[in-house]
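Asks: Generate coordinates for the sequence data below:
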Amino acid sequence: MTQTTTRVLEPSDLGAALAILESEPVVNAFVTARVRIAGLDPWRLGGEMWGWYADGRLRSLCYSGANLVPICATPEAVRGFADRARRAGRRCSSIVGPAEPTAQLWRLLEPGWGPAREVRAHQPLMVTESLSAEVTPDPLVRRIRKDEMDVLMPACVAMFTEEVGISPLAGDGGLLYQARVAELIGAGRSFARIEDGKVLFKAEIGAATPQACQIQGVWVAPEHRGRGLSETGMAAVLRYALADVAPVVSLYVNDYNTPARRAYARVGFRETGAFMSVLF
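Replies: Predicted coordinates for the structure are as follows:
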């Protein structure tokens, strides 16, 4: 009989956890980036990292913080993580991860945690290692300076509200969200086209490791949509990402957002898998 167990990982488990995370560098970029910076201490990490062991060997992970994220999770590991999550009670605002294990995790948790505010069952994961020759990068898209945060914030709030369905200013008045925006600006990973003091296009490189990075927060001002700014803007951000951050760039998009999927494909992204998000 295979002996299995789950437990909260400790700082001494960092090497084993990183080995699992880096086995799928694109899919795991978000969590890998956090772990590389913060390690496995729950206070610094912003949550616990659960490990699933089979015969004494660490096989799968699950990040439990503001998001619940299954990582390289086998069906047996998902059951173990679901049991632990049920006992702990829901403390996350979403469950997100590769579609198959996330769907299994939600099936097990829904009786106790449901209903969800929204379930996005299929969000294509798109990846590229090069720029497309079809789209010329927008020369006016550039890195945002620290003194431009007040200009950028309204666009960030509008993007988040449009995408998630609630304002990031709710609850703590937006303190955590503003801190995250400031962090990305300070790291040189926030980009926009600004004209007359207003943001026309913006996007961020939200997660970054030496192996892969992930673009997020893509937004075009409503009055400027339909002009191709998402394509030329994304090409500009992609050029920065490939030159300065990582050799592989990814993003994931809602399957119903056909215009965005077409735009990203023109810029050079191809679909390689799918994520799933459960929003509370």
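Asks: What segments of this structure are helices?
Replies: For the chain, helices defined by DSSP state H occupy the ranges 14-21, 29-38, 42-45, 75-88, 99-113, 149-164, 170-173, 175-186, 229-244, 258-267.
Asks: Just give me the lowest mean pLDDT stretch among those.
Replies: Here the lowest mean pLDDT among the helices of the chain goes to helix 170-173, at a mean of 81.
Asks: Any idea how far that helix is from the middle of the chain?
Replies: Mean-position distance between helix 170-173 and its chain equals 21 Å (Cα atoms, centre = their mean, to the nearest Å).
Asks: in that helix, what counts as buried?
Replies: Across helix 170-173, burial judged by 16 or more other Cβ atoms under 10 Å covers no residue at all. The C-beta positions use only the backbone N, C-alpha and C, and glycine is treated the same way.
Asks: repeat for stretch 86-103
Replies: Residues of stretch 86-103 classed as buried by neighbour count (16+ other Cβ under 10 Å): 92-99, 101-103.
Asks: burial measure for the spatially closest residue to S130 that is not a sequence neighbour, as a count.
Replies: Excluding its sequence neighbours, the residue lying closest to S130 (Cβ to Cβ, 6 or more residues apart in numbering) is G268, at 6.1 Å. Residue crowding around G268 was assessed by other Cβ atoms under 10 Å; the count is 21.
Asks: Can you tell me how far G268 is from L105?
Replies: Relative to L105, G268 is positioned 32 Å away (Cβ to Cβ, to the nearest Å).
Asks: A182 now?
Replies: Distance, A182 to L105, by Cβ to Cβ: 32 Å.
Asks: higher neighbour count, the two?
Replies: Ranked by neighbour count (other Cβ under 10 Å), A182 and L105 place L105 first, with 25 against 15.
Asks: wait, doesn't the more buried one sit right on A77?
Replies: No: L105 is beyond contact range of A77, at 9.8 Å (criterion: Cβ atoms under 8 Å).
Asks: shared neighbours of these two, anything?
Replies: Residues touching both L105 and A77 (Cβ atoms under 8 Å, 6 or more residues apart in numbering) are P70.
Asks: show me the contacts for the residue nearest to the spatial centre of the chain.
Replies: What sits nearest the mean C-alpha location of the chain, by Cα atoms, centre = their mean, is F30, with 5.2 Å. Applying Cβ under 8 Å, 6+ apart to F30 gives the contacts 69, 206-207, 214.
Asks: The same query, at a cut-off of 7 Å, please.
Replies: When contacts are counted by Cβ atoms under 7 Å, 6 or more residues apart in numbering, F30 is found next to 207, 214.
Asks: now it: how far from S132?
Replies: With distances taken as Cβ to Cβ, F30 is found 24 Å from S132.
Asks: same thing with S167?
Replies: To S132, S167 is 35 Å away according to Cβ to Cβ.
Asks: what about stretch 224-234, start to end distance?
Replies: End-to-end distance for stretch 224-234, by Cα to Cα, to the nearest Å: 15 Å.
Asks: Distance from the chain centre to that stretch, please.
Replies: That offset, for stretch 224-234, works out to 22 Å (Cα atoms, centre = their mean).
Asks: from the buried residues of stretch 86-103, which is closest to T128?
Replies: The nearest member of the buried residues of stretch 86-103 to T128, counting by Cβ to Cβ, is P98 at 18.9 Å.
Asks: okay if I get the buried residues of stretch 86-103 as JSON lines plus distance to H122?
Replies: Formatted as JSON lines, those follow (distance: Cβ to Cβ, whole Å):
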{"residue": "C92", "distance to H122": "21"}
{"residue": "S93", "distance to H122": "20"}
{"residue": "S94", "distance to H122": "16"}
{"residue": "I95", "distance to H122": "15"}
{"residue": "V96", "distance to H122": "13"}
{"residue": "G97", "distance to H122": "13"}
{"residue": "P98", "distance to H122": "11"}
{"residue": "A99", "distance to H122": "6"}
{"residue": "P101", "distance to H122": "14"}
{"residue": "T102", "distance to H122": "11"}
{"residue": "A103", "distance to H122": "9"}
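Asks: in stretch 230-250, what's buried?
Replies: Neighbour-count burial for stretch 230-250, with 16+ other Cβ under 10 Å as criterion, is recorded at 230-238, 240-242, 245-246, 248-250.
Asks: Equivalent analysis for stretch 185-200, please.
Replies: Counting neighbours by 16+ other Cβ under 10 Å, one finds that the buried residues in stretch 185-200 are 185, 189-194, 199-200.
Asks: Alright, calling it a day.
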